[in-house]
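**Student:** task: produce atomic coordinates for the following.
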Amino acid sequence: MKNKIAFTSLPILFFVLILLSNLYSCSDEKVKPTLIYIDQKNLPDQESWNSQVVFSDSGMIRAILHVGHVRVFKSRNETLLDSGLVIHFYDKNQMHTSVLTSDKGRVDDLTNNLYAIGNVIAKSDSGVVLKTEELMWKQNTKTIITEKFVAITSPTEMIQGYGFESDQSLKNYVIFRVSGRIETKQ
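**Tutor:** Predicted coordinates:
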């Protein structure tokens, strides 16, 4: 009979323990939700991934941009280009002239000037290679410029210096402060 009493009091004891634990866990503290404020100025008006943009003038292709992530901010008049960008440039006869790559970039939407930033490499179809950390492509003159350090390798020479200006095909270029030059064999 003792076993029967112990067995029947076990469910009651279990119920009392659950009731006490529930009462103990209740408190007067109220849970406050976490509020997240989003500044709408930092949200893009448009966004796309793995995009291709064709730039043309009077129906003629001038450049084709491939980029991993595009964010357009109309209020700031700028477009941010992330996750690597590649731009192929074409001349007035729609012949490919050069390609520019960089880690990221920015477009001034008022002037359509492109700023390439980080590991910038421009290669012409004639064999000229430009390396720098930052440069600007001016849309209205179709030129590229930078005040940063540049290294240029061509079939005939290697030049390093600060400050650079060229046409987008890298045929006619100037380094403003040359810091080194080596002639190579043709």
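**Student:** separation between Ile87 and Leu35?
**Tutor:** Remark: distance between Ile87 and Leu35 (CB to CB, to the nearest Å) = 42 Å. Heads up, the C-betas are built off the backbone N, CA and C, glycines and all.
**Student:** looking at the two, which one has more neighbours?
**Tutor:** More crowded of Ile87 and Leu35, by other CB atoms under 10 Å: Ile87, with 23 against 5.
**Student:** quick check: bridge partners of the residue positioned nearest the centre of the chain?
**Tutor:** The centroid of the chain falls nearest to Asp82 when counting by CA atoms, centre = their mean (1.3 Å). Per DSSP bridges, the residues bridged to Asp82 are His69.
**Student:** OK, contacts around it?
**Tutor:** 67-71, 104 (CB atoms under 8 Å, 6 or more residues apart in numbering).
**Student:** go on, Ser83?
**Tutor:** Counted by CB under 8 Å, 6+ apart, Ser83 has contacts 49, 67-69, 104.
**Student:** looking at this structure, which helix or strand does the model trust least?
**Tutor:** Least confident helix or strand, the chain: helix 2-25 with a mean of 61, by mean pLDDT, DSSP states H and E.
**Student:** rewinding a little: just the buried ones from the contacts of Ser83?
**Tutor:** Buried by 16 or more other CB atoms under 10 Å: 67, 69, 104, out of the contacts of Ser83.
**Student:** my guess is the second one contacts Trp49. True?
**Tutor:** It stands for His69. Yes: the criterion here is CB atoms under 8 Å, and His69 meets it with Trp49 at 5.5 Å.
**Student:** helix or strand for Asn93, which one?
**Tutor:** If you go by DSSP states H and E, Asn93 is not part of any helix or strand.
**Student:** ok, it to Tyr173 distance?
**Tutor:** 21 Å.
**Student:** in terms of neighbours, single out the busier of the two.
**Tutor:** Tyr173 (20 against 7).
**Student:** look up the residues forming beta bridges with that one.
**Tutor:** Per DSSP bridges, residues listed as beta-bridge partners of Tyr173: Ser166.
**Student:** now swap in Ser102 and tell me
**Tutor:** Beta-bridge partners of Ser102, counted by DSSP bridges, are Leu85.
**Student:** contacting residues for it?
**Tutor:** 84-85, 116-121 are the contacts of Ser102 under CB under 8 Å, 6+ apart.
**Student:** next, give me the two most distant ones among the residues you listed.
**Tutor:** Farthest-apart pair in the contacts of Ser102 is Ile117 and Ile121; separation 12.5 Å (CB to CB).
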